[in-house]
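Visitor: Build me a model:
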Amino acid sequence: MKFGSRNRLIAALADAVIVVEAGHRSGSLNTAAHAAQLGRALGAVPGPVTSAASAGSHRVLREFGGVCVTSAADVREMLGGPVAAPPTPDGRTDETSRLLDALSSRVGRDTEDVARRAGFAYADAQALLGLAELDGRAARGEDGLWRSVKRGR
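Guide: Down below sits the predicted model:
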């Protein structure tokens, strides 16, 4: 089977086509073009404008009318499903996930650094760190720096 036939078949069988990374000319763009012609939901994950691997995703957004995909909720919306995020394991919300991702178990970070890394205002990071500490997921050391705490340890 030739690549062109394969790309048409993928587009025809898919409910949605989402391009994550693709060069300016790639098979993924060929599949996206077929999906657009067939009226399939089409999306792309944007990337750095300086990256050649993002050029195809940006073309999907610009030339094929693709939807900008930045989360699983965007994909659910494209497919007509519920937009609300499903519950996450261990009761983690998007905010607590961002907070915990900004922490390290090895390197202590001050509240300002955690806020910057997680994309929160200082006061919001401070409140979330306090809640994470109460929940046993973060600890503030004697040096005043925050670290993540692994559960079960």
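Visitor: switch to C-alpha atoms for all contacts and neighbour counts from now on
Guide: Fine.
Visitor: just so I have it, where are all the strands in this protein?
Guide: Ranges of strands in the chain, per DSSP state E, are 16-19, 41-44, 67-68, 138-140, 146-148.
Visitor: who does the second one pair up with?
Guide: Paired with strand 41-44 in the same sheet, following DSSP bridges, are strand 16-19 (parallel), strand 67-68 (parallel).
Visitor: With only the CA atoms kept, save that strand in PDB.
Guide: The C-alpha trace of strand 41-44 is given here as PDB (Å, rounded to 0.1, in the frame of the first residue of the first chain):
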ATOM      1  CA  ALA A  41     -12.600  16.800  13.100                       C
ATOM      2  CA  LEU A  42      -9.100  18.200  12.700                       C
ATOM      3  CA  GLY A  43      -6.700  19.500  15.400                       C
ATOM      4  CA  ALA A  44      -3.100  20.300  16.000                       C
END
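Visitor: In this protein, where is pLDDT below threshold?
Guide: The model of the chain has pLDDT under 70 over residues 1, 3-4, 83-93, 151-153.
Visitor: Check the gap between the residue lying closest to residue 121 once chain neighbours are set aside and residue 126 for me.
Guide: The shortest distance from residue 121 to any non-neighbouring residue, by CA to CA, 6 or more residues apart in numbering, is to residue 115 (6.0 Å). Noted for residue 115: a distance of 8 Å to residue 126, by CA to CA, to the nearest Å.
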